[in-house]
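Q: sharing a model that was predicted from the sequence below.
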Amino acid sequence: MRPTTLSEPTPETTAAPRRRLRKLAAVSLATVVAATGCIVTGIVTAPEALAADNGQWSVFPAQPNGRQDRVNYLLEVAPGGTYKDAVTLKNKTSKLLVLEAWAADAFNSNAGGFAPRDEGKPNTGVGNWIKLSTPKVIIPPKASSTIPFTMTVPRSATPGDHIGAIMAVAPFIRGQFPAGGTVISARYSVGARVYVRVAGPLTPQLSVKDVQLDVTKKAIVPFLQKGTGVIRYTVVNTGNTVLRPAQQLTVIGRSLGDFPLRGIPEILPGGEFVVENPWDEVPALDLVHVRVDLQAEGVSAGGDQSQWVISWIFLLVVAGLILAYMGYRRWRDSRRDGEAPASTPAGTAPFPSMVSASMPTTPTSAGAEKPGRRRKG
């Protein structure tokens, strides 16, 4: 089974709620349920079309009065209000197709993508508000079936954006993966997004946390080599509207706006996303300051972090050279001292003392005649 990804919605370019919501693109979801009951949710990239499909069937809003411009459900209602609409399921195969349908709340997955709650999981938002007229349809080959539904918004619903999806899933399909390996049963589902804005005060808010630089490959020689790393942070939607932030990254006073930065998907209210931007100019020895600034729907947020990047190998080499030089100095000084002549103690003459010949010597023997006395006889 091939891994899948989620197509992101078109970037928001205006603060007008209706116009902004109309720029969100289609979504296709694929859910795989193994025989053990473990659910693995993957995503299928949606083409530039009105319907989200997986090649076998598609799901899209019913097109009343010949309209062909609805990709997802973009609804604005008041608390306590009721809205009626329909969803169309199309069989793209040449066989009879049985599909089950249900509504689900949506959230941001760990990878930041759009993800509906699994079938059978409790819903508290859009997935609980929508009631389909039938949970199952049988669709002839190359035909379509439309299911009406009613959405009732509770009076206690909070203002702002509430997101969900209407899903369609086929019965279990048995197969082997890989070929000749374990037999598994799988279910594939496709869904159309439902964006509901409940009337009331809108408070778009963003926050940035956990800014850090993770050095993946350190440089050794400063100024001559550069390392690689990842600048990582978490963006959190703390408001009540869907936001798609644009980021500006600054490192050591130099803007990285010209570098390829990872795009930030739409962040649902209460959702968060870990952003990772590669950086291939990490210095070998420096105090690195990282600054993140986000802009979305007239709101901004930012965060920063300073940390030392140190090449311990370089420092050890420098320390070894310093110690080697100090050892050499001591060896040289000691050798020079060993070759110098013995020094004379201070206060002594450089040669043996000599008595001047012109000066009479004073007798020191016991028999010497003292001055002023004569020897008798």
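A: Sure thing, it's come through.
Q: now the helix or strand hosting residue 87 - C-alpha only, CSV.
A: Using DSSP states H and E, residue 87 maps to strand 82-91. Output in CSV follows, covering the C-alpha atoms of strand 82-91 (Å, rounded to 0.1, in the frame of the first residue of the first chain):
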residue,chain,number,x,y,z
THR,A,82,-30.2,24.8,11.3
TYR,A,83,-28.8,24.3,7.8
LYS,A,84,-29.8,21.7,5.2
ASP,A,85,-27.6,20.5,2.3
ALA,A,86,-26.6,17.3,0.5
VAL,A,87,-23.4,15.4,-0.3
THR,A,88,-22.8,13.6,-3.6
LEU,A,89,-21.0,10.2,-3.9
LYS,A,90,-19.8,9.2,-7.3
ASN,A,91,-18.9,5.6,-8.4
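Q: domain ranges for the chain?
A: Per automatic domain parsing, the structural domains of the chain span 17-198, 206-312.
Q: residue 167: what's it in contact with?
A: Residue 167 sits next to 29, 59, 101, 102, 103, 104, 116, 119, 189, 190, 191 when contact means C-beta atoms under 8 Å, 6 or more residues apart in numbering. Glycine gets a C-beta too; all of them are placed from N, C-alpha and C.
Q: sorry, back to before: in terms of mean pLDDT, which of the domains of the chain ranks lowest?
A: Across these, domain 17-198 has the smallest mean pLDDT, namely a mean of 78.
Q: quick one, phi/psi of residue 206?
A: The phi/psi pair for residue 206 (degrees, to the nearest 10) reads phi -130, psi 150.
Q: if we ignore the residues flanking it in sequence, what's nearest it?
A: Leaving aside its sequence neighbours, residue 206 sits nearest to residue 301 (C-beta to C-beta, 6 or more residues apart in numbering; 3.9 Å).
Q: is the one you found in contact with residue 235, as I believe?
A: Yes: with contacts counted by C-beta atoms under 8 Å, residue 301 reaches residue 235, the gap being 7.5 Å.
Q: which residues touch the one helix or strand the residue nearest to residue 206 maps to?
A: Assigned by DSSP H and E, residue 301 falls within strand 299-309. The list of residues contacting strand 299-309 from outside it, by C-beta under 8 Å, 6+ apart, reads 204-209, 211-213, 215, 218, 227, 233, 235, 239, 243, 245, 282-294.
Q: repeat the analysis, applying 6 Å as the threshold.
A: Identification of contacts with strand 299-309 by C-beta atoms under 6 Å, 6 or more residues apart in numbering yields 204, 206-208, 211-212, 283, 286-294.
Q: now do the buried residues in that strand.
A: By 16 or more other C-beta atoms under 10 Å, the buried positions in strand 299-309 come out as 299, 301, 302, 303, 305, 309.
Q: just stretch 131-146 next, same as before
A: Residues of stretch 131-146 classed as buried: 132, 137, 139, 144, 145 (neighbour count, 16+ other C-beta under 10 Å).
Q: kindly report the same for stretch 277-290.
A: Neighbour-count burial for stretch 277-290 flags 277, 279, 282, 283, 284, 285, 288, 290 (criterion: 16+ other C-beta under 10 Å).
Q: I'd guess the second one is in a strand, am I close?
A: It refers to residue 279. Yes: under DSSP: H, G, I helix; E, B strand; the rest coil, residue 279 falls within a strand.
Q: for it, list the residues it contacts.
A: With contact taken as C-beta under 6 Å, 6+ apart, residue 279 is in contact with 229, 231.
Q: would you map the helices across the stretch 151-300 of the chain?
A: Per DSSP state H, counting those that start in this stretch, the stretch 151-300 of the chain carries no helices over any range.
Q: wait, which of the buried residues of stretch 277-290 is closest to residue 330?
A: Using C-beta to C-beta, residue 285 comes nearest to residue 330 of the buried residues of stretch 277-290, at 28.8 Å.
Q: let me see the contact set for residue 251.
A: Neighbouring residues of residue 251 by C-beta under 6 Å, 6+ apart: residue 290.
Q: any idea how far residue 91 is from it?
A: From residue 251 across to residue 91, the span is 53 Å (C-beta to C-beta, to the nearest Å).
Q: follow-up on the earlier one: what do residue 301 and residue 235 both touch?
A: By C-beta under 6 Å, 6+ apart, residue 301 and residue 235 have these common neighbours: residue 208.
Q: which helix in this protein has the most residues?
A: helix 312-339 (DSSP state H).
Q: that older thread, want to throw the domains of the chain into JSON lines with distance to residue 324?
A: Below are the domains of the chain laid out as JSON lines (distance: least, C-beta to C-beta, whole Å):
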{"stretch": "domain 17-198", "distance to residue 324": "52"}
{"stretch": "domain 206-312", "distance to residue 324": "18"}
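Q: perfect, I'm done here.
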